[in-house]
Structures are given as C-alpha cells and as structure tokens.
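> Need coordinates for the following:
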Amino acid sequence: MHQHRVGLVWFENDLRIDDHPLLCRAAAQCQQLILLYCVNPKWFKPNRYGLRSMGPARQQFLEQSLHQLDTQLATYGQRLIVSDQPPLETVARIIAQYGIDAIYRSENSGFYERQYLSIVRQRYPFLHYAETETQTLFDAQQLTNALAPFPASFSKFRKLAEPITIPSCCARPSQLPPPPKQFPPSYCHYPKPVAEPQPSQFHGGCAAGIDHVKGYFNSTQAQHYKQTRNALDEFVHSTKFSPWLALGCVSPRQVMSLLNQHEQTFGANDSTYWIYFELLWREYFQHYARHYDALLFSAEGINKQRPRTSFYAARFKKWCQGNTPYPIVNACMKQLNATGYMSNRGRQLVASCFVHELQLDWRYGAAYFEQQLIDYDVAANWGNWQYLAGVGADPRGQRWFDLTKQTAIYDPQHKFIKKWQGDVFDNELDNVDIVDWPIDTQP
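Numbering: from 1, shown residues only. Okay, the predicted model is just below:
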C-alpha cells in the first residue's frame, strides 16, 4: 500500500542497491521516487584550513561510484540525479517542483551532514521523514546498553558490542517506483566520469566494491591478515575494503556475511577475527562522531585539553609534500599524494610525526587527509587523528611512534623509502623571512 505520492531518496554515503533497507522502505511506500545525490560545491572551495574537502583522487572515486549506481538504477527504469548546486537549494527546488511527500535518508555520522537534514526538517515540518541505519553493523536499538553511557574507550565498547548478533543483509528491492514525468529539471545532470583520470588501483562503485570483497575472501589472504596488515605498500597485505565502505558502495554487513562464509570454507583464526575487530573499531567511531558532534573537529578534542602544538605554515607544507627529515614519513606522504591511499601503519606514523616531531595543530593533518584519501570517512578520520593527538578516546593519552624503530621493523631494507624517494629532503624544515622576529645575537 503506497502511503506517499512522491518520495525523495537523498543518497550520501550509501551508494548501492544491495543491503539498503532505506531504499526498500522508500520503494514500498511511494508511488513515484526521485533519487538524488548532491555534490556540494563547498567541497571544492578552500575551507578553514586552506584546503579543499575533496581532492582529485577522492572526486574520481566518487564519480565512478555515482556512475555505477546510476547504471544499476537504470535496470529498474530509474536514474540517479546528481546536482552540483548547494544541497539545501537543490532539495528546496525539488520539494517545490514535484510536491515531495516524504524524504528518505540514511543515518549519517557527520555533524555538518546531519545539520543539512535538520534544517530541511525545520523548513518543511509537514513532510514525512524516514532515517535508517545503512552504514553500521548494528541497528541503533541493539546498542542502547553499549552506548549509554557512552563508552570512553573502544575496549569498553567492544566488550559490550561483541556478544550482539549482527543483523543479516536485506535483499535488494524487486522493483522501484518510476520518477515523476518530465524529470530531471535543468539544474541536475547525469554523473559524468572525471575529466582527468588519476592513477589508482581502486575503481569506485558498488559492483567493483563487492567484486573486490568477494575476491579477497575467496583467496587465503584473510588467513594471514593479522601478520601482513601493517605492510606499507603491498596491495594484497590488507583488505583494502575502506574506500567502498566509506561511500557505502559496500555495507559492513555485506563484509561480515562474506567473512563468515570465508571462515566456513577456510576456517576461523586470529586473522579473520581481526577483520571483524577492525569493523568494530569503525563502528565505534561512527557512534563517537554522532555522540560528540562538533567536538570531533575541536582542537581540544572531546576532553577539552588543548595540545601543546601550533601552526607553522612552512612545516605543514613540507609534511604535505613529503619533504621532512623523516624518510619513512616522506615516503608515506608521497604515496598518498600519488595514489590517494596510505596503509594504516603509515597513517599512524605520519600523524605521530605531525603532532610530536613537527608540533603542528592536528586538525590541519586531519584536513589534509580529508582532501587526499579516497577512503575518507568523517568519523574514522577525525576520530583517529584525535586519538593520535591525545585529545580523543584513548586512556593512555598521546601516541608517539619512534620513527627510526618503526622504519627498522616495517622497512628494514628501505625498499619502500627508495620506491617513493622518501630520503629526499632539502634540509630546511623552517624558513625565516623578513617578517619574522630578528634573532638577537648579543650575549
């Protein structure tokens, strides 16, 4: 029984058809359906850190993902409308032009993303709103006891969450209602492939994502994951699920379902458990971001204790370029700039260097990752940076990594450093120019 004449599904980081309970709900409740994704023009303009939210590698992966979703929707007689106008403006026009009755949107962990929906709700209180979890392992009601009070550490969350049964994936909708006639309006356009292709081992999209996850679990790589996951450069040494999880091309429940199948075929061990363990870390950060809201972006973090760091423009630029006194850090940063990806171990090392050796404001490092990483996830990125900077959910305080020791463990032959020319440094970390205070040479 259709309750609504025209529904709007507002896609964000849920770019798939499979295991998408919100899409199934909209399909069952609406006579007609508009499927929208907003490419926010703000992402491409300088932000408060002088960076863009979306660099070229991220943009390419997103555009590939939108294009693939549009292709899948076409088999249902539907289409994905991609607007490059501001989201609130776009949604307002569609509501006015097509008499929207209901808006469907996945629960989002991002503070500013939630603000957009909150504003729409205030402006259009007479519409029906449906929000559903599509990006987490558990449904919100399953975690009531685990999140109240909010666990101050991941360990506390894990102990409460591990015994809970993860819901199974839902089936894809059998059909989708058609879009309204004479659609789309002129201010929307089809997703188009990126103009200048970036070199990448990752291809965006739900089909590419699920193929990658299945391929990984059909091999024996997961059996050794715990031993190989800290490798700095080998593609097969870690799961590489994160880019598709970040945009919701693949859901965490789909990953868990395929992990369970892998364990039935190949056996369960510490390594296969560790993949689940890291999905739980991801889950913790999703709820951490929702709980702390704008504090996720605060210099003082969740404990409101400002770290003893500052901002040195020259140092920050050199860290971004991979031009520091630390070869392992340089190699990781050049890898990031060239590929849009960096290993988890690399991220820890460059973040530790940023905060401790270079004594920079951690938020600039987090913002640079936001610009560059194809697997950028607001909760995981800013939550992990807070954790490394000692202003987040870590009972032990700041995490400092001895870069010499880490190099000896993870790149003893300097193969990774040589590959990415990490030993190139111009020997000038700071520059003193005419506007700086003069150095007093008098005794």
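> Okay, helices next: where are they in the stretch 1-150 of the chain?
Secondary structure of the stretch 1-150 of the chain (DSSP state H, counting those that start in this stretch): helices at 21-29, 56-74, 87-98, 111-123, 144-147.
> Of all the residues in the last one, which ones are buried?
Applying a neighbour-count criterion of 16 or more other C-beta atoms under 10 Å, the buried positions in helix 144-147 are 146, 147. (C-beta placed from N, C-alpha, C; glycine too.)
> repeat for the fourth one
Applying a neighbour-count criterion of 16+ other C-beta under 10 Å, one finds 111, 113, 114, 116, 117, 120 buried in helix 111-123.
> Just give me the closest of those to residue 219.
residue 113 (35.3 Å; C-beta to C-beta).
> which non-adjacent residue is nearest the closest one?
Leaving aside its sequence neighbours, residue 113 sits nearest to residue 12 (C-beta to C-beta, 6 or more residues apart in numbering; 6.3 Å).
> CSV for the helices of the stretch 1-150 of the chain, including mean pLDDT and distance to residue 205?
Formatted as CSV, those follow (pLDDT from 0 to 100; distance: least, C-beta to C-beta, whole Å):
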stretch, mean pLDDT, distance to residue 205
helix 21-29, 96, 16
helix 56-74, 94, 3
helix 87-98, 95, 22
helix 111-123, 97, 21
helix 144-147, 92, 32
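> quick one, domains of the chain?
Using automatic domain parsing, the domain parsing of the chain gives 1-134, 206-294, 302-419.
> quick one: which of those domains is nearest residue 172?
That would be domain 1-134 among the domains of the chain, by C-beta to C-beta, at 4.9 Å.
> Residue 292: what's it in contact with?
residue 302 (C-beta atoms under 8 Å, 6 or more residues apart in numbering).
> Also the one 5 residues further on?
When contacts are counted by C-beta under 8 Å, 6+ apart, residue 297 is found next to 111, 363, 382.
> 7 Å instead, please
363, 382 (C-beta atoms under 7 Å, 6 or more residues apart in numbering).
> How about residue 369?
376, 381 are the contacts of residue 369 under C-beta under 7 Å, 6+ apart.
> Would you mind getting the angle between the helix or strand where it lies and helix 56-74?
Residue 369 is part of helix 362-372 when elements are defined by DSSP states H and E. Angle of helix 362-372 versus helix 56-74, following axes from the mean of the first three to the mean of the last three C-alpha atoms, to 10 degrees, is 50 degrees.
> Of all the residues in helix 362-372, which ones are buried?
Using 16+ other C-beta under 10 Å as the test for burial, helix 362-372 gives 362, 363, 364, 365, 366, 367, 368, 369, 370, 371, 372.
> closest to residue 57 among those residues?
residue 372 (6.6 Å).
> Report the separation between the closest residue in space to residue 204 that isn't next to it in sequence and residue 80.
Leaving aside its chain neighbours, residue 204 sits nearest to residue 64 (3.2 Å; criterion: C-beta to C-beta, 6+ apart). As judged by C-beta to C-beta, to the nearest Å, residue 64 and residue 80 stand 13 Å apart.
> for residue 5, same thing?
For residue 5, the distance to residue 80 - C-beta to C-beta - is 21 Å.
> Over to residue 388?
37 Å.
> try residue 214
24 Å.
> returning to what we had before: between residue 5 and residue 80, which is the more surrounded one?
More crowded of residue 5 and residue 80, by other C-beta atoms under 10 Å: residue 80, with 24 against 15.
> Tell me, how many residues neighbour the residue lying closest to the more buried one once chain neighbours are set aside?
For residue 80, ignoring the flanking residues on the chain, the nearest one in space by C-beta to C-beta, 6+ apart is residue 70 at 4.1 Å. For residue 70, the neighbour count with other C-beta under 10 Å is 20.
> Surely residue 70 touches residue 78?
No. Residue 70 sits out of contact with residue 78 when judged by C-beta atoms under 7 Å, with a separation of 8.9 Å.
> Pull the number of nearby residues for the residue nearest to residue 113.
Residue 12 has 21 nearby residues by other C-beta under 10 Å.
> Could you list which residues are in contact with it?
Counting by C-beta under 7 Å, 6+ apart, residue 12 has contacts 106, 108, 113.
> State the distance from the second one to residue 386.
Residue 108 sits at a distance of 19 Å from residue 386 (criterion: C-beta to C-beta).
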